[in-house]
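Chemist: Model the structure of this input:
(2 chains)
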Amino acid sequence: MTNHLAPEEIEQVADGEAGLAEHLRECVVCANAVLSAMQMKHALRAMPRFTPPAGLRSRVLVVPPRRSRTAWWVATAAVLALAIAGIALLRARDAAAGQLVDLHTTILASANPVDVLSTDRHTVKPWFEGRLPFAVDVPDLAPPFRLIGGRVIYWRGQPGVYLLIGKGAHRISLFVFADDAVPRAITSHAGMSIVVWRSRELAYVAVADVPASDLQSLRQAFARD
Amino acid sequence: MTQQPADPRAAFEELALPLFEPLYNYARWLTHDPVEAEDLVQETYLKGLRGFGSFAAGTNFRAWMYRILRNTFLTSRSGLRAVPPISIDEDPDTYQQIGVAETPESLFFARVESETLRVSIEALPLVFREVLVLSDVENMSYREIAETLSIPIGTVTSRLIRARQKVRNTLRGEG
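Modeler: This next block holds a predicted model:
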C-alpha cells in the first residue's frame, strides 16, 4: 500500500475536521492510525474533570471588597503616603529601568513575542533593514546563548530593535536604541538584571531574570563580533 | 432571552457563567495547582468583566475567555516558567512516520487508566498540553483553538500530532 494519509490528515479525520478518506476503506495502517487518535480522544474526554471548589462560582463575579473601617483607612493612608514618597524617589531614578523591565515582561507574556522567528542572524538582521533608521550587528551567538527572534519596538517615542535571546530555560530581552535615547543611569529593577553597554552610537540594554554576570557574557559576545 | 442590552454586566454574566466549570478545568490543566487555578479563574472573570466592552459581539466568546485565562496564566510566575525558550514548531520531520503505526492498538486506550493518562498529559510541555486539552477535553474545533491560542490552524494540527505522539510514547514507556 502506497500513499498513506499524511499525519495531518489522520488527525483531521480523527478530530472530525475532515471527512473519511476513501483510502481508509482499503488501508488498515491508516485506519488503525485514525482509530488510535480517536481512541486517545475518547480516553481524554472520559477522564474525570477537575471540579471547582464550592463557593468559587459565586465569587468569580464579585469585585474584591473594599474595606471601610476608618482605622484601617487611616493606617493605610499613612503607609501609602510614606510609600508613595519613597516610590516617587525611586521611580525618578529607575523609571527607565522599570519601563524596560515592563516591556520585557509584556513581550515575554505575549503570544507572539517576536515578529521574525529565527535562530539565523542572517535572517534576523536583514529583516530589520528598512524598518529602522539604524543597522544593528547581530552576532553569531555561541552556546549557551541562542537567538530566538526579533521585532521592532518603540520606547519613549524612539524606534529600536528587540532581540529575544535564549539561555537555557531563561529568555533575555536585548533592546537596542540610538545612543542618546537611553539614559546614562539604569540600574537593576524588581529582581531583574539589567546591563547596558554602548557601541557605535547605539545603546544596548539587556534585561532578564538571570544573574547580571550572564548578561555581561552576552555583552562580550556582542563586543566580539 | 433574559439578557438586558443596557446592562453589560448582566450580558457578561449570561455569557460567561456557563463557561465557569470548563474554564476551571482548563486552568487546572495549565497550572497543575488548585489554588493557582482558583486565582486564575477569578482573575479571568474580573478581566473579562472589565474588558467586556472590547469584546466584539458576534465573535467567539468562549475563545475570548479562554484567551484571557491563558494570557493571564502566561504572565504569572508559573506561566513564564512554562513557556519554552525556543520555537517548538521548527522540526516537522519528527512526525513524518506517525501515520504508520506498526501494531493494532484499537484497545490500547481502553486499557489505559485515567490516572496514567492524566499524568502523561501533565508531563507534556505547555504548548502541547494546552492544544490537546482544548481539542480533546474541551472539544474545541481547530479554528477555535487557533483563535484561542493566536496561532495558525496548521500549527494547531502539527502540535496536536506531536502531542498525541508524545502521549503514546509515554504510555508505551518510550517517552
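
Chemist: How about the secondary structure of residue 38?
Modeler: Since you didn't name a chain, this refers to chain A. Reduced to three states with DSSP: H, G, I helix; E, B strand; the rest coil, the structure at A:Met38 is helix.

Chemist: Quick check: it touching A:Gln12?
Modeler: No - here A:Met38 lies out of contact with A:Gln12, judged by C-beta atoms under 8 Å, at a distance of 11.8 Å. (Glycine included, C-beta is placed from N, CA and C.)

Chemist: how about stretch B:141-149: buried residues?
Modeler: B:Ser141, B:Tyr142, B:Glu144, B:Ile145, B:Ala146, B:Glu147, B:Thr148, B:Leu149 (16 or more other C-beta atoms under 10 Å in any protein chain shown).

Chemist: and it, is it in reach of chain A?
Modeler: Yes - applying C-beta under 8 Å from any C-beta of the partner chain, one finds stretch B:141-149 in contact with chain A at B:Ser141, B:Tyr142, B:Leu149.

Chemist: could you dump those to a markdown table with distance to B:Lys166?
Modeler: Listed next are the residues of stretch B:141-149 next to chain A as a markdown table, based on distance: C-beta to C-beta, whole Å:
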| residue | distance to B:Lys166 |
| --- | --- |
| B:Ser141 | 22 |
| B:Tyr142 | 19 |
| B:Leu149 | 18 |
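
Chemist: so what secondary structure elements neighbour the helix or strand A:Val13 falls within?
Modeler: Using DSSP states H and E, A:Val13 sits in helix A:7-14. Contacts defined by 3 or more C-beta pairs under 8 Å, 6 or more residues apart in numbering or on different chains; DSSP states H and E place helix A:7-14 against helix A:28-46, helix B:153-171.

Chemist: run the last query once more with 10 Å
Modeler: helix A:23-26, helix A:28-46, helix B:153-171 (3 or more C-beta pairs under 10 Å, 6 or more residues apart in numbering or on different chains; DSSP states H and E).

Chemist: Wasn't A:Tyr204 part of a strand?
Modeler: Yes - the assignment for A:Tyr204, made by three-state DSSP, places it in a strand.

Chemist: So it is in contact with A:Tyr162, correct?
Modeler: No - counting by C-beta atoms under 10 Å, A:Tyr204 stays clear of A:Tyr162, with 11.4 Å between them.

Chemist: re the thing from before, and which of the residues of stretch B:141-149 next to chain A is nearest chain A?
Modeler: Chain A has its nearest neighbour among these in B:Tyr142, at 5.4 Å by C-beta to the nearest C-beta.

Chemist: Quick one: residues contacting the closest one.
Modeler: By C-beta atoms under 10 Å, 6 or more residues apart in numbering or on different chains, B:Tyr142 lies in contact with A:11-12, A:15-17, B:131, B:134-135, B:152-157, B:160.

Chemist: Pull out the buried residues from the residues you listed.
Modeler: Among the contacts of B:Tyr142, those classed as buried by 16+ other C-beta under 10 Å are A:Glu11, A:Gln12, A:Asp15, A:Glu17, B:Val131, B:Leu134, B:Ser135, B:Thr155, B:Val156, B:Thr157, B:Leu160.

Chemist: Could you export those as a markdown table, including distance to A:Ala208?
Modeler: Below are the buried ones among the contacts of B:Tyr142 laid out as a markdown table (distance: C-beta to C-beta, whole Å):
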| residue | distance to A:Ala208 |
| --- | --- |
| A:Glu11 | 37 |
| A:Gln12 | 40 |
| A:Asp15 | 39 |
| A:Glu17 | 40 |
| B:Val131 | 28 |
| B:Leu134 | 30 |
| B:Ser135 | 34 |
| B:Thr155 | 27 |
| B:Val156 | 30 |
| B:Thr157 | 33 |
| B:Leu160 | 32 |
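
Chemist: Need the max-distance pair from these.
Modeler: Greatest spacing in the buried ones among the contacts of B:Tyr142, by C-beta to C-beta: A:Gln12 and B:Leu134 (15.6 Å).

Chemist: residue nearest the centroid of chain B?
Modeler: In chain B, the centroid-proximal residue (C-alpha atoms, centre = their mean) is B:Glu130; its distance is 3.4 Å.

Chemist: which SS state does that one fall under?
Modeler: helix.

Chemist: how close does it get to B:Thr72?
Modeler: 14 Å (C-beta to C-beta, to the nearest Å).

Chemist: tell me the domain ranges of chain A?
Modeler: Chain A is divided into the following domains under automatic domain parsing: A:1-64, A:94-224.

Chemist: With distance to B:Thr170 and mean pLDDT added, can I get the ones you listed in JSON lines?
Modeler: Formatted as JSON lines, the domains of chain A follow (distance: least, C-beta to C-beta, whole Å; pLDDT from 0 to 100):
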{"stretch": "domain A:1-64", "distance to B:Thr170": "12", "mean pLDDT": "84"}
{"stretch": "domain A:94-224", "distance to B:Thr170": "21", "mean pLDDT": "82"}
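
Chemist: possible to save those domains as a markdown table with distance to B:Thr44?
Modeler: A markdown table is the format used below for those (distance: least, C-beta to C-beta, whole Å):
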| stretch | distance to B:Thr44 |
| --- | --- |
| domain A:1-64 | 8 |
| domain A:94-224 | 15 |
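
Chemist: can you pull out the strands in the chain?
Modeler: Defaulting to chain A. Along chain A, counting by DSSP state E, strands occupy A:116-117, A:145-155, A:158-167, A:170-178, A:193-199, A:202-208.

Chemist: now these in CSV, with distance to B:Arg50 and mean neighbour count?
Modeler: Formatted as CSV, the strands of chain A follow (distance: least, C-beta to C-beta, whole Å; neighbours: other C-beta atoms under 10 Å in any protein chain shown):
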stretch, distance to B:Arg50, mean neighbour count
strand A:116-117, 32, 18
strand A:145-155, 26, 19
strand A:158-167, 28, 21
strand A:170-178, 28, 22
strand A:193-199, 31, 18
strand A:202-208, 28, 23
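
Chemist: For the ones you listed, please prepare a markdown table with the additional fields distance to chain B.
Modeler: Conversion of the strands of chain A to a markdown table gives the following (distance: least, C-beta to the nearest C-beta, whole Å):
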| stretch | distance to chain B |
| --- | --- |
| strand A:116-117 | 6 |
| strand A:145-155 | 6 |
| strand A:158-167 | 4 |
| strand A:170-178 | 5 |
| strand A:193-199 | 15 |
| strand A:202-208 | 11 |
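
Chemist: Much appreciated, bye for now.
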